[in-house]
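Undergrad: the following block contains a protein sequence and its predicted model.
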Amino acid sequence: MTEAGTGPPRTRREAIARERTPARRAPASPRRRVRNRAVHKVLAGGVLVFAFAMIVGLSVPANALYNPGDAAEAEASPVVAGTGQELAVDADGQAIPTTSDDYTASTRSQLLAQKYSGGVGGQFTGPVRWPFPYKVAIMSPFGPRGPVAGCPSCAPFHRGVDLNGGNGNPIFSIMGGTVTERTGGSWTYGNYAVIVGHYQGHEVKAIYEHMQDGSSPLVVGQQVKVGDFVGLVGMTGEATAPHLHLELDVDRVLIDPIPWLEANAS
């Protein structure tokens, strides 16, 4: 006779009942029971060590782990930027700006903005003068520059200096000379004029750009004197705001107009 539950099921109900009944697990061997007890002891010990570390970490004061030498070394160490350059910082994490010519700034444009914070120009009476008889701000200096907002086609090298003379205000000739170019339809320069003169044995070419349409009375071949009216400040051509773009060539070499005017205007 077959024992109950060990022989093949006689009915479908018995077969389903046997499938739903969990199989009996064979008792573990003595060696396996010893190994299981060892594993449980190791796990329990690890849990105790972790709990002890958490208690110590939460109960020990922060200054117990403080090393003044490490803090002093961190304050004296520069922060290395991603470009490979070093940026010095102070104890508060603020950038320590560079110093040049008694003016403190981080970039050349900031240096110029600080140097000329009171504006450039003024009332002069000599053979070389500023284009405005009052101080004006520099909107964009001469030289390399990044992308210009609102002007994707603007060149990365700024050939002149942008002066904020005020929209519609008069522009005056920085020195005497002859008008060699005059146009009001340039897509880049807008309404502009070129005046070439001579000063201390040097040929000086001044270019006045972005003037208001129809504001300049100059014609090619006309002789102008220092301080003569050139036109009105505008934003014709490639310009994002009203200003005077002033370019300066001395002996056919493009230069920064600001240092030259500072040295020669009187």
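TA: Received, thanks.
Undergrad: name the helices or strands packed onto the host helix or strand of W260?
TA: Applying DSSP states H and E as the criterion places W260 in helix 257-264. If you count contacts as 3 or more CB pairs under 8 Å, 6 or more residues apart in numbering; DSSP states H and E, helix 257-264 packs onto strand 120-121, strand 244-250. Where C-beta positions appear, they are placed from N, C-alpha and C, glycine not excepted.
Undergrad: contacts for the last one, please.
TA: Looking back up the chat, that one is strand 244-250. Identification of contacts with strand 244-250 by CB atoms under 8 Å, 6 or more residues apart in numbering yields 131-132, 159-163, 165, 171, 174, 189, 202-211, 233, 239, 254-257, 260.
Undergrad: just those: which are in helices?
TA: Among these, the members falling in helices (DSSP state H) are P257, W260.
Undergrad: care to break the protein down by domain?
TA: As assigned by automatic domain parsing, the chain contains the domains 78-115, 119-264.
Undergrad: A137 in helix, strand or coil?
TA: With DSSP: H, G, I helix; E, B strand; the rest coil as the basis, A137 sits in strand.
Undergrad: emit the ChimeraX select command for whichever of the contacts of strand 244-250 are buried.
TA: Listed next is the ChimeraX selection for buried residues among the contacts of strand 244-250, using 16 or more other CB atoms under 10 Å:
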select :131,132,160,161,162,163,165,171,174,189,204,205,206,207,208,209,210,211,233,239,256,257,260
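Undergrad: gap between W187 and G237?
TA: Using CB to CB, to the nearest Å, W187 is found at 6 Å from G237.
Undergrad: tell me which of the two has more neighbours.
TA: Ranked by neighbour count (other CB atoms under 10 Å), W187 and G237 place G237 first, with 18 against 9.
Undergrad: wait, a helix at that one?
TA: No - G237 is assigned coil when assessed by three-state DSSP, not a helix.
Undergrad: what's the local residue count around the residue nearest to it when sequence neighbours are not counted?
TA: Take G237 and drop its neighbours on the chain: the residue closest to it by CB to CB, 6 or more residues apart in numbering is G190, 2.7 Å away. G190: 21 surrounding residues under other CB under 10 Å.
Undergrad: next up, the contacts around G190.
TA: By CB under 8 Å, 6+ apart, G190 lies in contact with G184, E209, H210, M211, G234, M235, T236, G237, E238, A239.
Undergrad: reformat the residues you listed as a markdown table; add pLDDT and distance to G150.
TA: Converted to a markdown table, the contacts of G190 look like this (pLDDT from 0 to 100; distance: CB to CB, whole Å):
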| residue | pLDDT | distance to G150 |
| --- | --- | --- |
| G184 | 80 | 22 |
| E209 | 94 | 17 |
| H210 | 93 | 14 |
| M211 | 94 | 20 |
| G234 | 95 | 16 |
| M235 | 93 | 11 |
| T236 | 93 | 15 |
| G237 | 89 | 13 |
| E238 | 85 | 10 |
| A239 | 87 | 9 |
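Undergrad: just curious, which of these is nearest to V194?
TA: Using CB to CB, E209 comes nearest to V194 of these, at 9.6 Å.
Undergrad: quick check, that closest one in contact with V194.
TA: No - using CB atoms under 8 Å, E209 makes no contact with V194, being 9.6 Å away.
Undergrad: which stretch in the domains of the chain has the least confidence?
TA: Note on the domains of the chain: domain 78-115 shows the lowest mean pLDDT, a mean of 46.
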